[in-house]
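> Here is the input, now give the coordinates:
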Amino acid sequence: VGKDAGLHPGYQAEMSVNGKTVGYVGKLHPVVADAFGLGDNVYLYEINLTDLLNNMTVSNKYSVLNKFPAVERDLALVVDMNVTHKQIMNIISRFSMIKSAVLFDQYTGAQIGVGKKSLAYSLTFQADSTLKDSQVDGVVDALTKTLATELDASVRGM
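Residues are numbered from 1 along each chain as shown. Just a heads-up that it's a prediction; the model follows:
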């Protein structure tokens, strides 16, 4: 709720950063709009950029880029309906060579079977050296075996 006299009460808001007011936004007060020959629905905002910039908290986040290329693989799994994405991600996180895993598809239907669903992941592998296909294949094999043992998951052809 703002307190700017030039704006319509109830149709304005105060903008603040870290508890400091840096501006207002809202509908122009009807008396002010009439005085300038403006219509009924005039909206405006005012921001004090100096106050805004002085009260902003800036944090620079960065990470060192790996000089060795990443390898991408997709993996589609068939699991029981009660198996969660979190359970799968907990297992994937155990493999240090897998730097990220993104769920990009979920499917249920006749091709999968009753009580089953398919979850497809895009996996990114990276290490402190250039990866060979055989290394990535080994991790994928170990991952699929762990998923099969712990969650009764099977690999679905993509």
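> Mind naming the longest helix for this structure?
Longest among the helix segments of the chain by residue count, using DSSP state H, is helix 133-151.
> how far does it sit from the chain's center?
27 Å (CA atoms, centre = their mean, to the nearest Å).
> So Arg94 is in contact with Thr146, correct?
Yes. Contact criterion CB atoms under 8 Å: Arg94 and Thr146 qualify, at 7.4 Å. For the C-beta atoms, the positions are set from N, CA and C on the backbone; glycine is no exception.
> neighbour count winner among those two?
Thr146 (15 against 10; other CB atoms under 10 Å).
> if I look at Gly37, how far off is Leu28?
12 Å (CB to CB, to the nearest Å).
> Tell me which of those two has more neighbours.
Leu28 (22 against 6).
> which phi and psi does the more buried one have?
phi -60, psi 140 (degrees, to the nearest 10).
> cool, and the one 5 residues further on?
According to degrees, to the nearest 10, the main-chain angles of Ala33 amount to phi -60, psi -40.
> thinking again about what came up before, any chance you could list what contacts the longest helix of the chain?
71, 73, 75, 77, 79-80, 83, 87-88, 91-92, 94-95, 97-98, 123, 125, 127, 153-155 (CB atoms under 8 Å, 6 or more residues apart in numbering).
> Apply 10 Å and report the result again.
Contacts to helix 133-151, defined as CB atoms under 10 Å, 6 or more residues apart in numbering, come from residues 71-73, 75, 77, 79-80, 82-84, 87-88, 90-92, 94-98, 101, 121, 123, 125, 127, 129, 131-132, 153-155.
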